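Undergrad: starting from these lines, generate the structure:
(2 chains)
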Number of protein chains: 2
Amino acid sequence: MSQQPLHVPKGFRFACTYAGIRKKAKDDLSLLVSEPAANAAALFTTNRVKAAPVLVSMEHLARSKGKVSAVVLNAGNANCATRTGDAVARETCAAAAALLGVPTEQVLPSSTGVIGMELDGGKIVAKLPELVAALDGAALPAISEAMMTTDTFPKLASRRVKLSGGVVRIAGITKGAGMIHPNMATTLAFVMTDAALSATAVRRLVRAGAEVSYHAISIDGDTSTNDTLLLMANGASDVKVTPEDEATFAKALNGVLQDLAKMIARDGEGASHFVTIKVSGASSDAAARQIGRAIANSPLVKTAIAGCDPNWGRILCAAGYSGVAFDPATVSIRLQKTTVCRNGLLAPFDEPALIERLREHDVEIDFRLGGEGRGQSTFWTCDFTEGYVKINAEYRT
Amino acid sequence: MSQQPLHVPKGFRFACTYAGIRKKAKDDLSLLVSEPAANAAALFTTNRVKAAPVLVSMEHLARSKGKVSAVVLNAGNANCATRTGDAVARETCAAAAALLGVPTEQVLPSSTGVIGMELDGGKIVAKLPELVAALDGAALPAISEAMMTTDTFPKLASRRVKLSGGVVRIAGITKGAGMIHPNMATTLAFVMTDAALSATAVRRLVRAGAEVSYHAISIDGDTSTNDTLLLMANGASDVKVTPEDEATFAKALNGVLQDLAKMIARDGEGASHFVTIKVSGASSDAAARQIGRAIANSPLVKTAIAGCDPNWGRILCAAGYSGVAFDPATVSIRLQKTTVCRNGLLAPFDEPALIERLREHDVEIDFRLGGEGRGQSTFWTCDFTEGYVKINAEYRT
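TA: Next up is the predicted model:
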């Protein structure tokens, strides 16, 4: 993935450093700046428990009417369920705003890491001058690494798109690993473009894009307190996305979002397989996605994939409790393009050959309902290995 | 658990043998007979995909108006998603009914094991005469072993209850391990009493009892195709449960059901901890159970418990996405009776000491919402270990 050229949108600059927030001496604090201020919209976690930076970001976006000049981002501490959380988030935004000469409400705080430990805002504030001095458009890969927690590789994606008025760039960085789930989980995603987009268009595009990307992946079904997907359009290319261009632009944006989301699924904690679940023949796309999500979240399906076991009964069973009504006698299931179930019954297949093909890293489950339904969806997840348990049993202590 | 005396209700007899259904030469076929026929009621899986024995049992119970004389029960094959499933289930019931001289609809079929493999009914029919000849009230422990799949120990519970008209007995057997979830999962439970109860009372009691037992446990959130909880009351004690007795009887019955359900949670696949989750202060018992279930099903909570990690942030986070509205600032969490979170914030505690106490096999999570709510619930589950993944990745192949 890192082999592809990275198209950094104009007007965005980045810097990162080690501020001593996480124990390991690895960069943990980043600053992302847009000049001019971007029109921005975000999706935040739907969890009832929202971290202080999420609550402050929501307030700042409302007060700035969707204008964002900077994001102050740390890894190693989620600043959630902390006594000083609100004050720390505000203090760091105010300090960055003063240094950058922008209104405080145009700065968003963002945190990822352990819940319930006080975050020392002083460590962040002390490092901000150094970060402001180091801002550079070339540092996007560096901050994608600084935001990693249990991720095993940094996650970037970009596109260069020709519109009627010229060329624009879209780039995004994300972090994931564990707790990735529709409705946003412990993932942070920052997607930037130098296209000129209205505040309304940014809101519309981020919602539609999330449906086919971040809301279509799952690692373990948990949702988190800090999730944020932020889309920023600063217009620095001087190229407008006209109504005629919007489909082209949306396709490229969704491509970036899907690349990022799939990287998260691919990097699921301890995962040994990347799993694509295609569902078709449902009464609606939403029903298809509901079936795909149930299959993706089933620990029994996920452990079977880990064991290279063509156990389609577990797939049928998970679909059966998804809440979607269907006739089991119309179900066909293909694994790695081999039909294992037809009309709800075992379809004879070469089991040793299929087990061998299930050893490949990328596994595809194709779940089809017969009948008239046109609803379909694609869902991405990873398997559930002994390594997953190991990582999560040892994460904090 | 096996140290307690087993109170076998009068009029129930049992037998089991190895019929060659599972590969390992271990008893896999059981017959349970009630004489006289019992008033019975069952809860079956809510999965859209129901195994043939579930569908035939539903039909037989409807046709017999809830009268049950026998259950033919096999392990090793779920008889689900099979071409011959319906015919096999009916054939075995008819054969048992003929041998016992009872109507076919008074015989219920029940199966547990692998999905999608044809079940050879001939193997069952061939063994039925041997089983009928061997029927014995003392064989209840034997059939509780014959129904085991990945269970590591047989599960029985019983009570002897004094009612106004005399003494009655209640006994139950169950199997679990994996896919245990509210709304019934791959569990089979057969609960018998020699008390005299109307068909209506049996239906009412099994529903109410399931709420506080089988619907309050979870292993991995999956629900299965074959789940059955059957309550049978044959009146062989000649003691009626009068309206005045019903509360006493229900308490004993619920005790049996809870014992059985807790044994299932205790025997979760690969589990190293048995976890009791108490939720209080919710707006209703249902809301409390919803929070308890979200905590119980969270892979991140379950892996933290496996790692003896007092990671209360994950508990708060799981409650946050349960769908129940609450104010995080009112939450208190106790682990092993040690307060780790008060008013939604870290409560200082002796971490090494608590980690040590989390090494105990039985772990208690106490989640309290402040405020006026009186709703409470108790939920039981187990942790999520590397062993769970190992068992489920290797189950079929």
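Undergrad: report the contact partners of A:His97.
TA: No His there; residue A:97 is Ala. Counting by CB atoms under 8 Å, 6 or more residues apart in numbering or on different chains, A:Ala97 touches A:Ser69, A:Ala70, A:Pro103, A:Thr104, A:Gln106, A:Val107. In this view, the C-beta of every residue, glycine as well, is placed from N, C-alpha and C.
Undergrad: all helices for the stretch 201-350 of chain A, in order.
TA: For the stretch 201-350 of chain A, the helices defined by DSSP state H, counting those that start in this stretch cover A:246-266, A:285-297, A:299-306, A:312-320.
Undergrad: nearest to A:Cys80, of those?
TA: helix A:246-266 (19.9 Å; CB to CB).
Undergrad: picking up where we left off before, got TSV for the contacts of A:Ala97, with pLDDT too?
TA: Shown next, in TSV, are the contacts of A:Ala97 (pLDDT from 0 to 100):
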residue	pLDDT
A:Ser69	98
A:Ala70	98
A:Pro103	98
A:Thr104	98
A:Gln106	98
A:Val107	98
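Undergrad: kindly indicate which of the residues you listed lies nearest A:Cys308.
TA: Taking the contacts of A:Ala97 together and measuring to A:Cys308 by CB to CB, the closest member is A:Ala70, at 46.9 Å.
Undergrad: packing partners for the helix or strand that contains that closest one?
TA: Using DSSP states H and E, A:Ala70 maps to strand A:67-77. Packed against strand A:67-77 by the contact rule (3 or more CB pairs under 8 Å, 6 or more residues apart in numbering or on different chains; DSSP states H and E) you find strand A:29-44, helix A:85-100, strand A:107-114, helix A:121-134, helix A:140-146, strand A:188-193, strand A:228-233.
Undergrad: gap between the fourth one and the chain center?
TA: When you say that, I think you mean helix A:121-134. Its chain's C-alpha centre and that of helix A:121-134 lie 27 Å apart, by CA atoms, centre = their mean, to the nearest Å.
Undergrad: try stretch A:152-166
TA: The answer for stretch A:152-166 is 16 Å, by CA atoms, centre = their mean.
Undergrad: burial of whatever residue of the stretch 1-150 of chain A ends up closest to chain B, as a residue count?
TA: Closest contact between the stretch 1-150 of chain A and chain B, by CB to the nearest CB, is at A:Ile115 (2.6 Å). Residues lying near A:Ile115 (other CB atoms under 10 Å in any protein chain shown) number 27.
Undergrad: disregarding residues adjacent in the polypeptide, which is nearest to A:Pro9?
TA: The shortest distance from A:Pro9 to any non-neighbouring residue, by CB to CB, 6 or more residues apart in numbering or on different chains, is to A:Asp194 (3.7 Å).
Undergrad: that neighbour contacts A:Val167, doesn't it?
TA: No - applying CB atoms under 8 Å, one finds A:Asp194 not in contact with A:Val167, separated by 9.3 Å.
Undergrad: so which of the two has more stuff around it?
TA: Neighbour comparison, A:Asp194 and A:Val167: the larger count goes to A:Asp194, with 25 against 13 (by other CB under 10 Å).
Undergrad: which stretch among the helices of the stretch 201-350 of chain A comes nearest chain B?
TA: Taking CB to the nearest CB, helix A:312-320 is the member of the helices of the stretch 201-350 of chain A nearest to chain B, at 2.7 Å.
Undergrad: and that closest one, how far from the chain's centre?
TA: 27 Å.
Undergrad: that one - contacts with which helices or strands?
TA: helix A:285-297, helix A:299-306, strand A:331-335, strand A:338-342, strand A:362-369.
Undergrad: right, so the ones you listed: which one is the most enclosed?
TA: Per residue and on average, the most neighbours among the helices and strands packed on helix A:312-320 fall to helix A:299-306, with a mean of 28 (mean count of other CB atoms under 10 Å in any protein chain shown).
Undergrad: run through the residues that contact the nearest residue to the residue of the stretch 1-150 of chain A closest to chain B once chain neighbours are set aside.
TA: Leaving aside its chain neighbours, A:Ile115 sits nearest to B:Gly313 (2.6 Å; criterion: CB to CB, 6+ apart). B:Gly313 makes contacts with A:Ala78, A:Cys80, A:Ala81, A:Val114, A:Ile115, A:Gly116, A:Thr225, as judged by CB under 8 Å, 6+ apart.
Undergrad: at 10 Å instead, please
TA: A:49, A:78, A:80-81, A:113-117, A:224-225, A:396, B:300-301, B:304, B:333, B:340-341, B:346 (CB atoms under 10 Å, 6 or more residues apart in numbering or on different chains).
Undergrad: same check on A:Leu316?
TA: A:295, A:301, A:328, A:331, A:333, A:340-341, A:344, A:367, B:47-49, B:80-81, B:115-116, B:225.
Undergrad: spit out the contact partners of the closest residue in space to A:Gly323 that isn't next to it in sequence.
TA: Spatially, and ignoring its direct neighbours in sequence, A:Gly323 is nearest to A:Gln290 (6.2 Å; CB to CB, 6+ apart). A:Gln290 makes contacts with A:Pro182, A:Val279, A:Ala282, A:Ser284, A:Ala319, A:Ser322, A:Gly323, A:Val324, A:Gly375, A:Ser377, A:Phe379, as judged by CB under 10 Å, 6+ apart.
Undergrad: what about the last one, which helix or strand?
TA: What it means is A:Phe379. Using DSSP H and E, A:Phe379 falls within strand A:375-382.
Undergrad: quick check, that strand touching chain B?
TA: No - if you take CB under 10 Å from any CB of the partner chain as the test, strand A:375-382 misses chain B, and the best it gets is 12.5 Å.
Undergrad: starting from that strand, tell me which strands it pairs with and how they run.
TA: strand A:217-218 (parallel), strand A:274-282 (antiparallel) (DSSP bridges).
Undergrad: ok so, going back, hey, what's in contact with both of A:Asp194 and A:Val167?
TA: A:His7, A:Ser237, A:Val239.
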